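1. Attaching a predicted model along with its sequence, questions to come.
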Amino acid sequence: MAHRQLTSSVAARAAARIASTPRRCITIKRSFSSVVPSVQYYNFCGGESNDPNRSSFHDRGRRPFSTAAQDVPENKQEIEFQAARPDKNAFQHTSSNSETRQLLDIVTHSLYTDKEVFLRELVSNASDALEKLRHMQVSGEVPASDEDIPLEIRITTDEASNTLTVTDTGMGMNRDDLMSNLGTIARSGSKAFVKEMQMKETLGPENTPDPFGSGIIGKFGVGFYSGFMVADKVDVRSKSAMDTEANPLVWESEGTGTFSIAPLAEDIRQDRGTSVVLHLRDDMAKYSDESSIETILKKYSNFVGFPIFLNGKRVNTIDAIWLHDPKEVDDEKHAAFYKYVSSMYDDPLSHIHFRMDAPIDIKALFYIPSFHQEKYGMGRMDPGVSLYCKKILIESKSPDILPDWCRFIKGVVDSEDLPLSVSREKPQDTALIGKMRRALTKKIIGHLSKMMKKDTDKYKEEFYREYSFFLKEGICQDHESQQALSKLLYFETSKGMNGEMISLEEYVSRCSPEQKDIYYLYAPGRELALQSPYMEVFTKNNREVLFIYSPIDDFVMTNLKEFEGRQLKNVDSSDIDLGDMKDGDVKDDEKSSESNNNVSATSLNQTQSDELCAWFKTNLSLKVSECKTTNRLSSSPAVITGNESAAYRRIMRMVETSEGGVEAGAMPLPKQTVEINPNHEIIVGLYSIKDSDPDLAKVIGEQIFDNCLTAAGLLDDGRSMLPRLNDLLLCIVKSSVDNSTENTENTDDKSKETIDKKDSDT
């Protein structure tokens, strides 16, 4: 006869339920053992049973599958419940039954994102059982027998019977353990074990010779039920290490709300420890395949601290070297581990191995590959760092650990203190993750800065050449790290040789004391940059200019704005001040000699310059918003200043094109500010013909403007100049022909005069 001891309060609730049950469900005294000998059936919070020999919760004292730990206290009152007659009408749903079955359904079908996670959870449980036994053995709290059995995890696949078995040689469970650990949802036996050991340490530290808790993985008490995601029946065979004489037991459930506990059949062997047998559903047969299971084990549980054997073959052969002292890990181990975490064949360029205890305890190991794949047209890379908790994979290629610009970094981050979601698939505390992210980013930047100073050649030639794009992306996206990242950049300059690069700190150290800004010029290449009209004033004043060659560099300068208190200025800015003459100033001797309206052979005076500027605004009114004179030019007739970024305009046109093409006028160029050089021969000549030959003057003015756009990189399509250039060439050719004809006629006339003179003399 089945007996169950309950407290008086539990007994009262049970009696109330019996009283509220229809009379046909009132128990009829009959020995439970006469129905099913040696087997006890229990209901998960009153779950319905399909076995005709199993009565409802109202008829028999089944252990509820509760949602919290229900430990039976002392002073128990014994109440005997007996089986009812096999009456199918007696099986009814109750509210508590429905709620608990719904909770079980959520745990097994809605809690986890990927079904394959069930194996990670079962292996973690097995590891916890082994860790508990190891601690108990060290503390001398378990019998000395079976010490020759190794602490290991054995996994067996059987495609014929469509089963998967996970076996450990750990603590094992007796009947009460099976009831409390497997019969209660969200009760973590591992967590309870850690609390118990912590209590013992508090009461008497001398009784805890071995550190505990660091190897315990379980926390929430729901991982075991993930097995029902892939199995329609689960058997748990277990033999407790605390009672070597007791016979092993078997816990069985179909995940429908009831479970049973019985002695294990004698023809089935079960040594110390636990075996979880999953009877897989037909549509989950892939989990009885050895190769599939091996892939999952290497993904999630490759660093479990105990040996894992799959069908007799060791699976977890790689050591979790990130937990070791960084000084103890040699280059050979780093190379092997890098190839594992990165799935790449090269050797790492550098590694970052460290521990930190703020904001939480963190152990991290990062690698910088010798190359990245994005430049080969392979698409944007996924994050390369995975999140672990106590050597168990929590999130592969986590996007939350590092900022996006660090996606070229490969490695792992492990934290025992990391708050996790119940499914252990995502970190939970967003604010804490943000702090950890900033701390890890600071470590990476610090490592790169150290490499830059101590091994400059390696940094420039290997790292910067390969990964400068990511650093620049970080400046544009990661505003918290902008200034730190800016110190890692290198640029060519106007005073350096081709290919010679300096950092921003070096540029500042070379500036004259009166220079307050940092100047840069965007151009397609070095030669074009040196020939740019914007460089004339800087060359004349011996000022160094940074050369940037890619559109992202222009974005970097725009986002960075300043460096160590100095403004970053594009050389095409209208407010450039190098400390010499102001715009529009004309030498005093030129003013005095050119006070009238006559055109000088070398320059225009202020009045003439103003007239020409007004002419520009009138004849190019759709293109020019302002025209003024400048002293920044020496060999160029004009430039435009204060214009929008050429790189930005180019990228926007690319975006427009990718979205269906850029129609004429879809991105009109705004009106520009033109600065003319009053000392240039073209400008002086244009002033001379603007009234005598207005058509030619307008063509020349338009060509000067387009030349300015070309110098600034703003001319969208150079083919628009071809008709005008052809007209100008035609004018030049006609003028040359006319001059040639005139010269010929003059020569003929002179020859005739000479002949006539000779005849007269004769």
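-> Happy to help now that I have it.
2. the helices in the stretch 151-300 of the chain, which residues?
-> Counting by DSSP state H, counting those that start in this stretch, the stretch 151-300 of the chain forms helices over residues 175-177, 189-203, 290-300, given from the N-terminal end onward.
3. Flag whichever of those helices has the least confidence on average.
-> Within these, the stretch with the lowest mean pLDDT is helix 189-203, showing a mean of 51.
4. you'd agree residue 337 is up against residue 317?
-> No: with contact defined as Cβ atoms under 8 Å, residue 337 does not reach residue 317; the gap is 11.8 Å. In short, each C-beta sits where N, CA and C put it, glycine included.
5. Next up, the contacts around residue 521.
-> The neighbourhood of residue 521, defined by Cβ atoms under 8 Å, 6 or more residues apart in numbering, consists of 494, 529, 532, 534, 535, 545, 546, 547, 548, 570, 571, 572.
6. Low-confidence ranges, this protein, go.
-> For the chain, applying pLDDT under 70 flags the ranges 1-101, 103, 144-147, 184-221, 421-425, 579-601, 644-667, 742-762.
7. Now with 50, please.
-> Where the chain drops to pLDDT under 50, the residues are 1-37, 45-97, 188-191, 193-194, 205-214, 216-220, 581-600, 664-665.
8. Skipping its backbone neighbours, what lies nearest the most centrally placed residue in it in space?
-> Taking Cα atoms, centre = their mean as the criterion, residue 399 is the residue nearest the geometric centre of the chain, at 3.5 Å. The spatially closest residue to residue 399, leaving aside those adjacent along the chain, is residue 383, at 5.1 Å (Cβ to Cβ, 6 or more residues apart in numbering).
9. Next, count neighbours for that neighbour.
-> For residue 383, the number of neighbouring residues by other Cβ atoms under 10 Å comes to 20.
10. Next: residue 711.
-> When neighbours are counted by other Cβ under 10 Å, residue 711 registers 21.
11. what secondary structure does it sit in?
-> Reducing the assignment to helix, strand or coil with DSSP: H, G, I helix; E, B strand; the rest coil, the entry for residue 711 is helix.
12. Apart from its chain neighbours, what residue comes closest to it?
-> Nearest-residue entry for residue 711: residue 533, 5.3 Å, with adjacent residues in sequence omitted and distances by Cβ to Cβ, 6+ apart.
13. Now the phi/psi pair for that neighbour, please.
-> The phi/psi pair for residue 533 (degrees, to the nearest 10) reads phi -60, psi -20.
14. Please apply the same query to the one 3 residues further on.
-> For residue 536, the backbone dihedrals (degrees, to the nearest 10) come out as phi -60, psi -50.
15. Number of residues surrounding it?
-> The local packing count at residue 536 equals 18, with neighbours defined by other Cβ under 10 Å.
16. ok, residue 739 - how many residues close by?
-> Other residues lying near residue 739 total 10 when counted by other Cβ under 10 Å.
17. Report the contact partners of it.
-> Here residue 739 is in contact with no residue (Cβ under 8 Å, 6+ apart).
18. so how far is residue 732 from it?
-> When Cβ to Cβ, to the nearest Å is the yardstick, residue 739 and residue 732 sit 11 Å from each other.
19. Repeat that for residue 131.
-> Residue 131 is 91 Å from residue 732, by Cβ to Cβ.
20. Would you mind measuring from the residue lying closest to residue 320 once chain neighbours are set aside to residue 605?
-> On the basis of Cβ to Cβ, 6+ apart, the spatially nearest residue to residue 320 that is not a chain neighbour turns out to be residue 303, at 4.0 Å. Taking Cβ to Cβ as the measure, residue 303 falls 82 Å from residue 605.
21. repeat for residue 418
-> Taking Cβ to Cβ as the criterion, residue 418 is separated from residue 605 by 76 Å.
22. If you tally nearby residues, what's the number for residue 572?
-> 22.
23. My read is that it contacts residue 630, right?
-> No: using Cβ under 8 Å as the test, residue 572 is too far from residue 630 to be in contact (11.9 Å).
24. can you list residues touching both of those two?
-> Residues within reach of residue 572 and of residue 630 at once, by Cβ under 8 Å, 6+ apart, are 639, 641.
25. Do you have the strands of the stretch 501-650 of the chain handy? List them.
-> With strands called from DSSP state E, counting those that start in this stretch, the stretch 501-650 of the chain shows them at 502-503, 517-522, 546-548, 562-563, 566-570, 624-629, 638-641.
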